[in-house]
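[1] whatever this is, show me its structure:
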Amino acid sequence: MQKETMLRRQLFVFLGLSDKEAVLYDTLLTHGQMAAATLEKLSGLKKNTYVLLKRLENRGLVQKIIEEGKSHYVAGPPSNLQIYAREQEERVKETKSLLGELLPNLEKIYRETTGRPVVQYFSGLTGLRAVFDEVYAEGKNEVLGVFGNESPDKKFFDEIVNKYEPLRVQRRIFARTISPDSLRARELKDREKADLKEKILVDPKAYPMPAEFDSWDDKIALMSFARADFSAILVQHPDLARTMQSLMRLAMGGARLMEHHKRDE
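    Purely as a prediction, here's the structure:
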């Protein structure tokens, strides 16, 4: 089959025709008016031809003509395909909207029926941004995390500070974090009240943190973005998230005590 023919038929399928409907319409378009028997022969289709032609006729893509008591068919104007292009656009919008509305419930059903966590893997800068969009999405009150301020790739660190931190503050999401002590970490700690954050600093040699993980609600995000090594895993499971958050609260309690001891010395 010639490349142009394949591309035309692929286009028709993308616009919503079935494979067989695309073949029939393309055959009529390129060969002109013909009887059903001739059309079956040229198209190579032998089953349900009349049913398929009726569907195309109802869509305005085929016209039926009676000549000498016999049925002939001719392709409708290709401009009618624009109608289906617009319908596809609307269908995609409606589908995305419906998916966004139902996805949380679908994931809940999946977890309840399988007992397995929902795990998503991301890579590259675009994937990392998708995870941060999830971390700082509206609808949550608090995020618990650990974060090494000196490790991130500089370009992405600037994006975190200039885009995601202000977004979190705007959405009134409080952040509780543990970070290895450093000049950059101290600068961020000095702004913690304005940044809606509690930042606890720990010994960087005893507790190195070259990556980040955050937990909230029923989710855990694990991210690496040092030296442009952009990768992330997003886990959704209520028991895993609750356990992780308990461990992080325990660690933060211990880290606060260490901070107090340092001040008292």
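[2] pLDDT at the most far-flung residue of the chain relative to its centre, what is it?
    The centre of the chain is farthest from one residue, Glu68, which by CA atoms, centre = their mean lies 57.3 Å away. In this model, Glu68 is scored at 79, pLDDT.
[3] where does it fall, phi/psi-wise?
    Glu68 adopts backbone torsions of phi 50, psi 40, taken as degrees, to the nearest 10.
[4] try Ser231
    The phi/psi pair for Ser231 (degrees, to the nearest 10) reads phi -150, psi 150.
[5] list the contacts for it?
    Tyr121, Phe122, Ser123, Gly127, Leu128, Met223, Ser224 (CB atoms under 8 Å, 6 or more residues apart in numbering). All C-beta spots, glycine's among them, are computed from the backbone N, C-alpha and C.
[6] can you lay out those residues as JSON lines showing distance to Phe174, pLDDT and neighbour count?
    Shown next, in JSON lines, are those (distance: CB to CB, whole Å; pLDDT from 0 to 100; neighbours: other CB atoms under 10 Å):
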{"residue": "Tyr121", "distance to Phe174": "28", "pLDDT": "93", "neighbour count": "9"}
{"residue": "Phe122", "distance to Phe174": "25", "pLDDT": "92", "neighbour count": "18"}
{"residue": "Ser123", "distance to Phe174": "29", "pLDDT": "88", "neighbour count": "12"}
{"residue": "Gly127", "distance to Phe174": "26", "pLDDT": "88", "neighbour count": "17"}
{"residue": "Leu128", "distance to Phe174": "23", "pLDDT": "86", "neighbour count": "22"}
{"residue": "Met223", "distance to Phe174": "20", "pLDDT": "89", "neighbour count": "24"}
{"residue": "Ser224", "distance to Phe174": "25", "pLDDT": "86", "neighbour count": "19"}
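[7] in helices only, show me the residues you listed.
    In helices, judged by DSSP state H, the following of the contacts of Ser231 are found: Gly127, Leu128.
[8] now, which of the contacts of Ser231 sits nearest Pro78?
    Nearest to Pro78 among those is Gly127, at 39.3 Å by CB to CB.
[9] that closest one and Ala232 touch, don't they?
    Yes - the criterion here is CB atoms under 8 Å, and Gly127 meets it with Ala232 at 6.2 Å.
[10] how far off centre is the worst-scoring helix or strand of the chain on mean pLDDT?
    Using mean pLDDT, DSSP states H and E, the weakest-scoring helix or strand in the chain turns out to be helix 154-159, at a mean of 77. Computed by CA atoms, centre = their mean, to the nearest Å, the separation of helix 154-159 from the middle of its chain amounts to 22 Å.
[11] and if you look at stretch 57-76?
    With CA atoms, centre = their mean, you get 44 Å for stretch 57-76.
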